[in-house]
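**Q** Give me a model of this one.
(one chain, ligands or ions: 4)
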Amino acid sequence: MKKVIISAALGLMIPLMSIGQSLLGPGVTGSSLTVAGSPHNFSGDTWNAYTPIVVSGSTATGGQGGQICQPCHTPHNSDMTVSDAPLWNHAFTSATYQMYTGFEFGTSTTTGYIGYGVTAPDGTSKLCLSCHDGSIALGAYGQQNLGGPLTGGAMLGTDLRNDHPISMPYDSFVGGGLHTPSYIYNNYSSGGSGTFVTYVSSGKTVGSKLDANGKVQCTSCHGPHSNGKGYQLSMDNRGSALCLACHKK
Ligand code: HEC
Ligand code: HEC
Ligand code: HEC
Ligand code: HEC
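**A** Numbers count the residues shown, from 1 in each chain. Ligands and ions are numbered 1, 2, ... in the order given. Predicted coordinates:
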C-alpha cells in the first residue's frame, strides 16, 4: 500500500525536481539537499523558540527562535559526555532497548533468534534515538525542555527487534552474504517502472558506510542533514542499491 502511494507521488513530483534528485519520501522539496529542505528542519516548530535568557518551569521565552541546527548542535557549551556527537545540544536518551538478534530459519519468529551479541545501541545511533525512540521531547535541548516526543511512523520506540540491526561490527558477519568492507558498491543508475534496473560504480567502499569502530549504525543508511534521496537516506535506494551495497543477493 505504502509503495503504491510513493509511486503515485513520484509521478506527480518528477517535473518539480532537478536532475540528481530521485526517490521521494515525505518532506522532499527543491532544497532537499540541505537540512532546511529536510524533515529535520524544525525552524517552524513551536517548541523551537529557543532562549538562553528566561526559563520558567518548562516554558522558555525570549531569545532567538527558529534556528535549524540548534535542536541538535550548539556552538558553545556542548554536551561532552556523549560520544560521537559533534557539538551536541539535544538531551541524550537513557532508554534501554531490545535489539535485533538475528533469525534462525525454521524456528518460531518469536523464539528462534540466534543472537548478534549486541545488547545496546551505541555511537551515532544513540543521537538519532534521542528523538526517534520517543522517550524525550523534541524541544529538549540547551536549557529548555519544550514540546512532546516524536509520535507516528518515524517513532521507532525502544523495541528495535523489528528494525534493521545496528551497532554490530560489520566484519563479524563478512563471509556469508555480505561484501567485504573494501568492496566498491554501486549506485542506482537507471531503469525501474517496466525496465530493468542498471547500476554504476559509486567509487566508494562499504567501509565508508561504517563508523570509526567498523559498525553499522543508522548513519550507514541515513544522514542527519541532506534529504536529497528521501527518507533522509544517504543514497538512492531504487533498485535496492543501498541494500545491495552490503548484501550479496
Ligand atoms: C536532527 C539533528 C541534526 C540537525 C538539525 C543538524 N545536525 Fe549536524 N549532525 C547531526 C548528527 C546526528 C551528526 C553526527 C552524525 C554524522 O556525522 O553523520 C551531525 C554531524 C554534523 C557535523 C560533523 C560531520 C559532518 O557531517 O560534517 C557538522 C559539521 C554538522 N553536523 C553541522 C550541522 C549544521 C551546520 C546544521 C544546521 C544547518 C546541522 N548540522 C543540523 C544531527 C543534526
Ligand atoms: C532533534 C530530534 C531528532 C534527531 C536528533 C534526529 N531526528 Fe530524525 N526526525 C525527527 C523528526 C521530528 C522528524 C519528522 C518526523 C515526521 O515528520 O513525522 C524526523 C524525520 C526523520 C526521517 C524521515 C522520516 C520520513 O518519513 O521521511 C528519518 C529517516 C530520520 N528522521 C532519521 C534520523 C536519523 C538517522 C537520525 C540520526 C542521524 C535522526 N533522524 C536524528 C527528529 C529527530
Ligand atoms: C540498513 C539500512 C538502514 C538502517 C541501518 C537504518 N535505516 Fe531507517 N530506513 C531505511 C530505509 C531504506 C528507509 C525507507 C523505508 C521505505 O522506503 O519505506 C528507512 C526509513 C526510516 C524512517 C521512516 C520510517 C517511516 O515509516 O516513516 C525513520 C524514522 C528511520 N528510518 C530512522 C532510522 C533510525 C533512527 C535508525 C537507527 C536506529 C535507522 N533508521 C537505521 C534504512 C535503514
Ligand atoms: C552498511 C551495510 C548494510 C546495509 C546498507 C544494509 N544491510 Fe542488512 N545487514 C547488514 C549486516 C552487517 C547485517 C547482520 C548480518 C546478517 O544477518 O547478515 C544485516 C542484516 C540484515 C537482515 C537480517 C538477516 C538475518 O539473518 O536475520 C536483513 C533481512 C537485511 N539486513 C536486509 C537489508 C535490507 C533490505 C537493506 C536495505 C534497506 C539492508 N539490509 C541494508 C548490513 C547492511
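**Q** Do you have the strands of this protein handy? List them.
**A** Assigned by DSSP state E, the strands in the chain fall at 54-56, 59-61, 137-141, 144-149, 184-192, 195-205.
**Q** Please identify the most buried of those strands.
**A** strand 137-141 (a mean of 21; mean count of other C-beta atoms under 10 Å). Every C-beta, even on glycine, is put in place using the N, C-alpha and C of the backbone.
**Q** Tell me the pLDDT of Gly239.
**A** Reported pLDDT at Gly239 in the predicted model: 95.
**Q** Enumerate every residue touching it.
**A** Gly239 is in contact with 188, 191-192, 197-199, counting by C-beta atoms under 8 Å, 6 or more residues apart in numbering.
**Q** Could you dump the residues you listed into TSV with distance to ligand 4 added?
**A** Shown next, in TSV, are these (distance: C-beta to the nearest ligand atom, whole Å):
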residue	distance to ligand 4
Tyr188	12
Gly191	18
Gly192	16
Val197	14
Thr198	18
Tyr199	14
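**Q** Confidence-wise, which of these comes last?
**A** Across the contacts of Gly239, the member with the lowest pLDDT is Gly192, scoring 87.
**Q** bridging residues for the residue nearest the centre of the chain?
**A** Centroid-nearest residue in the chain, with C-alpha atoms, centre = their mean: His222, separated by 4.1 Å. With DSSP bridges as the criterion, the beta-bridge partners of His222 are Leu233.
**Q** pretty sure it is in contact with Leu233, am I right?
**A** Yes - His222 is within contact range of Leu233, at 5.9 Å (criterion: C-beta atoms under 8 Å).
**Q** thinking again about what came up before, show me the one of the strands of the chain that comes nearest ligand 2.
**A** In terms of C-beta to the nearest ligand atom, the element of the strands of the chain nearest to ligand 2 is strand 137-141, at 5.2 Å.
**Q** now for the closest one, which elements pack on it?
**A** Strand 137-141 is packed against strand 144-149, with contacts defined by 3 or more C-beta pairs under 8 Å, 6 or more residues apart in numbering; DSSP states H and E.
**Q** partners of the strand it packs on in the sheet?
**A** Here the strand partners of strand 144-149, with direction, are listed using DSSP bridges: strand 137-141 (antiparallel).
**Q** The strand it pairs with near ligand 2 at all?
**A** Yes - on the criterion C-beta under 6 Å from any ligand atom, strand 137-141 is in touch with ligand 2 at Leu138.
**Q** related to what we said a few turns ago, return the two entries of the contacts of Gly239 that lie farthest from one another.
**A** Every pair in these was compared (C-beta to C-beta); the two farthest apart turn out to be Gly192 and Tyr199, at 11.6 Å.
**Q** and Ala245, what does it touch?
**A** For Ala245, counting by C-beta under 8 Å, 6+ apart, the contacting residues are 179, 185-186, 202, 206, 209, 235.
**Q** Could you rerun that using 6 Å?
**A** Residues in contact with Ala245 (C-beta atoms under 6 Å, 6 or more residues apart in numbering) are Tyr185.
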